[in-house]
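**Student:** Compute the structure for the input listed below.
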Amino acid sequence: MSKEIITNNDEVKELTEHLNEYKHHFKMYIRILAVRMVKLGESRIKVGEYLHVNRQTVGKWVKIYDEEGIDGLDPDYSNCGAKSRLNEEQLEELYEILSNPNSHYTIKRTKKLIKEKYSVDYSIKQVWVITRLKFGLNYQNTIY
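**Tutor:** This next block holds a predicted model:
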(Lines give C-alpha, C1' and ligand atoms only; values in the text may rest on other atoms or scores of the structure.)
Protein backbone atom coordinates (compact mmCIF):
# COMPACT_ATOMS: atom_id res chain seq x y z
CA MET A 1 0.00 0.00 0.00
CA SER A 2 1.47 3.32 -1.04
CA LYS A 3 1.38 6.41 1.11
CA GLU A 4 0.01 9.59 -0.41
CA ILE A 5 2.33 12.23 0.95
CA ILE A 6 1.64 15.85 0.24
CA THR A 7 4.20 17.58 -1.87
CA ASN A 8 2.43 20.91 -1.50
CA ASN A 9 2.43 22.46 1.97
CA ASP A 10 -0.39 24.81 0.92
CA GLU A 11 -2.73 21.82 0.73
CA VAL A 12 -2.03 20.95 4.39
CA LYS A 13 -2.67 24.58 5.37
CA GLU A 14 -5.94 24.56 3.43
CA LEU A 15 -7.04 21.31 5.10
CA THR A 16 -6.15 22.75 8.52
CA GLU A 17 -8.29 25.82 7.77
CA HIS A 18 -11.17 23.56 6.75
CA LEU A 19 -10.81 21.64 10.02
CA ASN A 20 -11.23 24.89 11.94
CA GLU A 21 -14.20 25.85 9.77
CA TYR A 22 -16.03 22.53 10.23
CA LYS A 23 -15.42 21.83 13.94
CA HIS A 24 -19.15 22.11 14.57
CA HIS A 25 -19.88 19.53 11.92
CA PHE A 26 -18.47 16.31 13.34
CA LYS A 27 -18.80 14.01 10.32
CA MET A 28 -17.25 16.58 8.02
CA TYR A 29 -14.53 17.25 10.57
CA ILE A 30 -13.64 13.54 10.83
CA ARG A 31 -13.51 13.19 7.04
CA ILE A 32 -11.26 16.21 6.60
CA LEU A 33 -9.09 15.08 9.50
CA ALA A 34 -8.70 11.63 7.94
CA VAL A 35 -7.71 13.08 4.55
CA ARG A 36 -5.29 15.47 6.19
CA MET A 37 -3.63 12.66 8.18
CA VAL A 38 -3.20 10.56 5.01
CA LYS A 39 -1.84 13.56 3.12
CA LEU A 40 0.68 14.06 5.91
CA GLY A 41 1.92 10.50 5.38
CA GLU A 42 -0.03 8.42 7.90
CA SER A 43 -1.23 5.03 6.66
CA ARG A 44 -4.91 4.52 6.03
CA ILE A 45 -4.87 1.65 8.49
CA LYS A 46 -3.51 3.86 11.30
CA VAL A 47 -5.90 6.69 10.43
CA GLY A 48 -8.78 4.23 10.57
CA GLU A 49 -7.61 2.97 13.97
CA TYR A 50 -7.30 6.52 15.33
CA LEU A 51 -10.72 7.59 14.05
CA HIS A 52 -12.56 4.27 14.53
CA VAL A 53 -13.40 3.75 10.86
CA ASN A 54 -12.11 1.10 8.48
CA ARG A 55 -9.24 1.73 6.11
CA GLN A 56 -11.49 1.35 3.05
CA THR A 57 -13.60 4.25 4.29
CA VAL A 58 -10.49 6.37 4.78
CA GLY A 59 -9.39 5.46 1.25
CA LYS A 60 -12.81 6.39 -0.11
CA TRP A 61 -12.65 9.80 1.58
CA VAL A 62 -9.17 10.48 0.15
CA LYS A 63 -10.37 9.50 -3.32
CA ILE A 64 -13.46 11.69 -3.04
CA TYR A 65 -11.35 14.61 -1.83
CA ASP A 66 -8.87 14.17 -4.69
CA GLU A 67 -11.68 14.03 -7.27
CA GLU A 68 -14.25 16.49 -5.90
CA GLY A 69 -12.45 18.63 -3.37
CA ILE A 70 -13.73 19.56 0.04
CA ASP A 71 -17.40 19.73 -1.01
CA GLY A 72 -17.37 16.05 -1.94
CA LEU A 73 -16.69 15.15 1.70
CA ASP A 74 -19.87 16.84 2.93
CA PRO A 75 -22.20 14.07 4.15
CA ASP A 76 -25.21 16.39 4.20
CA TYR A 77 -25.09 17.34 0.55
CA SER A 78 -27.44 20.13 1.34
CA ASN A 79 -28.76 18.02 -1.36
CA CYS A 80 -30.60 15.99 1.23
CA GLY A 81 -28.14 13.18 1.68
CA ALA A 82 -27.80 12.01 -1.87
CA LYS A 83 -27.43 13.43 -5.31
CA SER A 84 -30.70 14.22 -7.06
CA ARG A 85 -32.11 11.57 -9.35
CA LEU A 86 -33.40 14.34 -11.59
CA ASN A 87 -30.74 16.24 -13.51
CA GLU A 88 -30.62 20.04 -13.64
CA GLU A 89 -32.47 20.20 -16.96
CA GLN A 90 -35.29 18.01 -15.62
CA LEU A 91 -35.49 20.07 -12.42
CA GLU A 92 -35.72 23.28 -14.48
CA GLU A 93 -38.45 21.76 -16.63
CA LEU A 94 -40.34 20.60 -13.53
CA TYR A 95 -40.05 24.06 -11.99
CA GLU A 96 -41.47 25.63 -15.16
CA ILE A 97 -44.43 23.24 -15.06
CA LEU A 98 -45.15 23.80 -11.38
CA SER A 99 -44.63 27.56 -11.37
CA ASN A 100 -47.04 28.12 -14.26
CA PRO A 101 -49.93 30.19 -12.85
CA ASN A 102 -52.43 27.92 -14.61
CA SER A 103 -51.12 24.72 -13.05
CA HIS A 104 -52.53 23.54 -9.77
CA TYR A 105 -50.35 20.71 -8.53
CA THR A 106 -50.65 19.15 -5.13
CA ILE A 107 -47.71 17.29 -3.65
CA LYS A 108 -49.38 13.99 -4.60
CA ARG A 109 -50.04 15.15 -8.17
CA THR A 110 -46.46 16.40 -8.42
CA LYS A 111 -45.18 13.00 -7.24
CA LYS A 112 -47.29 11.32 -9.94
CA LEU A 113 -46.06 13.78 -12.59
CA ILE A 114 -42.41 13.08 -11.71
CA LYS A 115 -43.03 9.31 -11.85
CA GLU A 116 -44.79 9.49 -15.23
CA LYS A 117 -42.58 12.09 -16.91
CA TYR A 118 -39.14 11.15 -15.56
CA SER A 119 -39.61 7.57 -14.28
CA VAL A 120 -38.41 8.63 -10.82
CA ASP A 121 -40.43 7.52 -7.81
CA TYR A 122 -39.78 10.02 -5.03
CA SER A 123 -41.39 9.82 -1.61
CA ILE A 124 -44.01 12.41 -0.70
CA LYS A 125 -41.48 13.94 1.68
CA GLN A 126 -38.86 14.29 -1.08
CA VAL A 127 -41.39 15.88 -3.43
CA TRP A 128 -42.19 18.35 -0.66
CA VAL A 129 -38.45 19.08 -0.22
CA ILE A 130 -38.07 19.73 -3.95
CA THR A 131 -41.15 21.93 -4.28
CA ARG A 132 -40.89 23.84 -1.00
CA LEU A 133 -37.19 24.00 -0.20
CA LYS A 134 -35.50 23.72 -3.58
CA PHE A 135 -38.04 25.60 -5.71
CA GLY A 136 -39.45 27.88 -3.00
CA LEU A 137 -43.03 27.16 -4.05
CA ASN A 138 -45.81 27.14 -1.52
CA TYR A 139 -49.49 26.39 -1.30
CA GLN A 140 -50.49 30.03 -1.57
CA ASN A 141 -48.91 30.67 -4.93
CA THR A 142 -48.85 27.50 -7.00
CA ILE A 143 -49.38 24.22 -5.24
CA TYR A 144 -53.01 23.87 -4.20
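**Student:** could you pull out the helices for this protein?
**Tutor:** Remark: helices assigned in the chain by DSSP state H are 9-21, 26-39, 44-51, 55-68, 88-99, 107-118, 124-128.
**Student:** Could you check stretch 65-76 and say which residues are buried?
**Tutor:** Neighbour counts over stretch 65-76 (16 or more other CB atoms under 10 Å) mark 65, 70, 73-74 as buried. For every residue, glycine as well, the C-beta is placed using N, CA and C.
**Student:** which one of the residues you listed sits closest to Leu19?
**Tutor:** Among these, Ile70 lies closest to Leu19 (CB to CB), at 10.6 Å.
**Student:** ok, for the closest one, nearest residue in space, not its chain neighbours?
**Tutor:** Counting by CB to CB, 6 or more residues apart in numbering, Ile70 lies nearest to His18, which is 5.6 Å off, once chain neighbours are set aside.
**Student:** What count of nearby residues applies to the one you found?
**Tutor:** A count of nearby residues for His18, using other CB atoms under 10 Å, gives 18.
**Student:** Use 788 as the first number for this chain going forward.
**Tutor:** Renumbered: residue one is now 788, and that last one reads His805.
**Student:** Return the distance of it relative to Glu855.
**Tutor:** His805 sits 14 Å away from Glu855, going by CB to CB, to the nearest Å.
**Student:** Surely Leu878 touches Lys921?
**Tutor:** Yes - Leu878 lies in contact with Lys921 (CB atoms under 8 Å); the separation is 7.4 Å.
**Student:** list the contacts for the residue lying closest to Leu802 once chain neighbours are set aside?
**Tutor:** Nearest residue to Leu802, sequence neighbours excluded (CB to CB, 6+ apart): Arg823, at 4.1 Å. Going by CB atoms under 8 Å, 6 or more residues apart in numbering, Arg823 touches 799, 802-803, 806.
**Student:** No more questions from me, cheers.
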